[in-house]
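Student: just need the structure, nothing else, for what follows:
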Amino acid sequence: MARTAPLRFLWIAAAMALLPLAGVAAFNYRIDPFQQYRAPAAGQARYVRALQRYIAPGIAKHAAYDVVISGSSIMENYSLAEAGARCGGRAVNLALAAMSAYEQRRILEVALRSQPVRRVVMSIDFNSFAAPLDGSLPDISAPLPEYLYDEARWNDFRYLLNGSVTMHALAIARGAPKGSFGTDPDRAWNWVHEVSFSAARALKDIDPAHINRRFRQGPRTLAHMQASFEANYAALMGAHPDTEFNLVFPPYSIMVWADFAQRKQLEVSLAFKRHVLERTRAMPNVRWFDLQSEAAITHRFDRYSDIYHFDPAVNLALLDAACGNDARYRLTPDSLPGFEAALRAQLAAFDPAAAVTAARAAH
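Tutor: Numbers count the residues shown, from 1 in each chain. All right, here's what the predicted structure looks like:
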């Protein structure tokens with residue numbers, strides 16, 4: 001009897017120590033601020049951009065959709081209602097700012113095992129392939145929270161006992177603000193209200209002699225980009241033959257291509273585009289669309305907030321091309337040389353210094 005008293009005390013002490021943790025876990029599970037266990041009740045959703053990589057897998061698990069929009073921040077300015085209408089279904093936006101190829105694969109994996117996805121419209125962003133094959137871009141300070149992207153339940157304690165999760169859960173429970181967030185699930189990640197679109201803004205602080213000074217994009221090699229595509233996309237698309245993948249090469253402004261030429265990234269980018277087409281051309285569920293030589297967009301700097309990010313009307317044009325199977329932008333082995341020749345001709349005739357001068361004079 002005397003021997004069991006210390007043991008009983010240890011059990012009681014352990015239970016008392018664990019009780020507060022159990023309470024925190026239960027509270028976080030009930031409020032579920034990052035939507036990991038259920039879709040939020042009406043009016044309860046908070047879309048915190050700084051926590052996008054934590055919230056997106058929850059959306060992928062519990063939203064109702066059959067069309068996925070995927071890509072970097074250039075793909076965030078969508079209304080799900082408009083996107084669904086154009087693509088003939090219910091859409092979800094799983095874009096992530098500064099998304100790497102690896103991160104795009106990981107969020108698509110969550111979506112494809114959570115819902116019967118009919119179509120994925122995904123941008124192919126060249127800079128996404130500067131990251132490690134299994135990592136984030138260098139400017140992302142926090143790594144991807146892998147435990148929210150897998151199927152395991154044993155590691156959920158990292159969510160349920162997370163101090164940041166608790167703080168956001170408390171804010172929701174109290175109806176109190178915490179940081180900056182959106183509340184509209186139709187436009188969860190929209191940033192269009194935060195910027196303006198004009199040539200003056202798009203070319204602000206652009207040094208024509210060193211266009212990348214402001215953006216500090218890293219160098220890419222063709223071999224690394226090809227390896228990343230193989231590791232993060234080829235197998236994924238091959239494993240889901242019932243899902244149509246619309247791969248879109250987005251309309252960066254012509255200034256981006258001038259930057260690529262300055263940094264010896266032009267030939268790498270065009271060679272990679274050719275590789276993507278050749279690598280997937282035998283997959284009947286993959287289609288490709290190229291808007292990168294559409295001068296009516298790419299030479300109109302008033303349609304950009306910077307040299308990469310275009311206005312919402314261009315976002316819709318991108319969807320119209322992909323979901324409407326627009327022959328003008330359909331990339332095939334036959335059309336690719338024409339797209340490439342047009343882009344090269346436009347770039348040869350473009351003067352970055354003159355464009356910057358004109359934008360500043362107009363402003």
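Student: just the helices in the stretch 251-363 of the chain please.
Tutor: 254-262, 266-280, 295-298, 312-323, 336-349, 352-362 (DSSP state H, counting those that start in this stretch).
Student: out of those, flag the one nearest Val192.
Tutor: helix 312-323 (5.6 Å; Cβ to Cβ). For glycine as for every other residue, the C-beta is placed from the backbone atoms N, C-alpha and C.
Student: please save the CA atoms from that closest one in PDB.
Tutor: The C-alpha trace of helix 312-323 is given here as PDB (Å, rounded to 0.1, in the frame of the first residue of the first chain):
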ATOM      1  CA  PRO A 312      -8.400  41.000 -62.200                       C
ATOM      2  CA  ALA A 313      -9.600  41.400 -65.800                       C
ATOM      3  CA  VAL A 314      -6.500  39.600 -67.000                       C
ATOM      4  CA  ASN A 315      -7.100  36.900 -64.400                       C
ATOM      5  CA  LEU A 316     -10.500  36.300 -66.000                       C
ATOM      6  CA  ALA A 317      -9.000  36.300 -69.500                       C
ATOM      7  CA  LEU A 318      -6.600  33.600 -68.300                       C
ATOM      8  CA  LEU A 319      -9.600  31.500 -67.100                       C
ATOM      9  CA  ASP A 320     -11.500  32.200 -70.300                       C
ATOM     10  CA  ALA A 321      -8.500  30.900 -72.300                       C
ATOM     11  CA  ALA A 322      -8.100  27.700 -70.300                       C
ATOM     12  CA  CYS A 323     -11.700  26.700 -69.500                       C
END
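Student: which elements pack onto that helix?
Tutor: Here helix 312-323 is seen to pack against helix 80-87, strand 119-123, strand 244-249, strand 286-290 when contacts are counted using 3 or more Cβ pairs under 8 Å, 6 or more residues apart in numbering; DSSP states H and E.
Student: in a markdown table, list the ones you listed along with distance to Arg30.
Tutor: Below are the helices and strands packed on helix 312-323 laid out as a markdown table (distance: least, Cβ to Cβ, whole Å):
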| stretch | distance to Arg30 |
| --- | --- |
| helix 80-87 | 27 |
| strand 119-123 | 33 |
| strand 244-249 | 37 |
| strand 286-290 | 42 |
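Student: so which of the ones you listed is nearest Asn315?
Tutor: helix 80-87 (8.7 Å).
Student: who touches that closest one?
Tutor: Contacting residues not belonging to helix 80-87 are listed as 67, 69, 90-93, 119, 121, 185-187, 316, 319-320, 322-324 [Cβ atoms under 8 Å, 6 or more residues apart in numbering].
Student: what's the angle between it and strand 119-123?
Tutor: 110 degrees (axes from the mean of the first three to the mean of the last three Cα atoms, to 10 degrees).
Student: which helix or strand lies directly C-terminal to helix 80-87?
Tutor: strand 91-93 (DSSP states H and E).
Student: got the buried residues for that following strand?
Tutor: Ala91, Val92, Asn93 (16 or more other Cβ atoms under 10 Å).
Student: any idea of the pLDDT on Gly324?
Tutor: According to the prediction, Gly324 has pLDDT 97.
Student: next one: Arg174
Tutor: 89.
Student: and it, how many neighbours?
Tutor: 9 (other Cβ atoms under 10 Å).
Student: ramachandran angles for it?
Tutor: phi -90, psi -10 (degrees, to the nearest 10).
Student: TSV for the helices and strands packed on helix 312-323, including mean pLDDT, distance to Ile172 and mean neighbour count?
Tutor: Below are those laid out as TSV (pLDDT from 0 to 100; distance: least, Cβ to Cβ, whole Å; neighbours: other Cβ atoms under 10 Å):
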stretch	mean pLDDT	distance to Ile172	mean neighbour count
helix 80-87	97	22	18
strand 119-123	98	31	23
strand 244-249	98	35	23
strand 286-290	98	40	23
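Student: Asp306 against Arg201, yeah?
Tutor: Yes - assessed by Cβ atoms under 8 Å, Asp306 is found in contact with Arg201 at 7.3 Å.
Student: of those two, who's got more company?
Tutor: Just comparing Asp306 and Arg201: by other Cβ under 10 Å the higher neighbour count belongs to Asp306, 20 against 16.
Student: residues in contact with the nearest residue to that one once chain neighbours are set aside?
Tutor: Excluding the flanking residues, the one nearest Asp306 by Cβ to Cβ, 6 or more residues apart in numbering is Ala202, at 5.6 Å. Ala202 makes contacts with Ser253, Met255, Phe301, Asp302, Tyr304, Ser305, Asp306, Ile307, Ala359, as judged by Cβ under 8 Å, 6+ apart.
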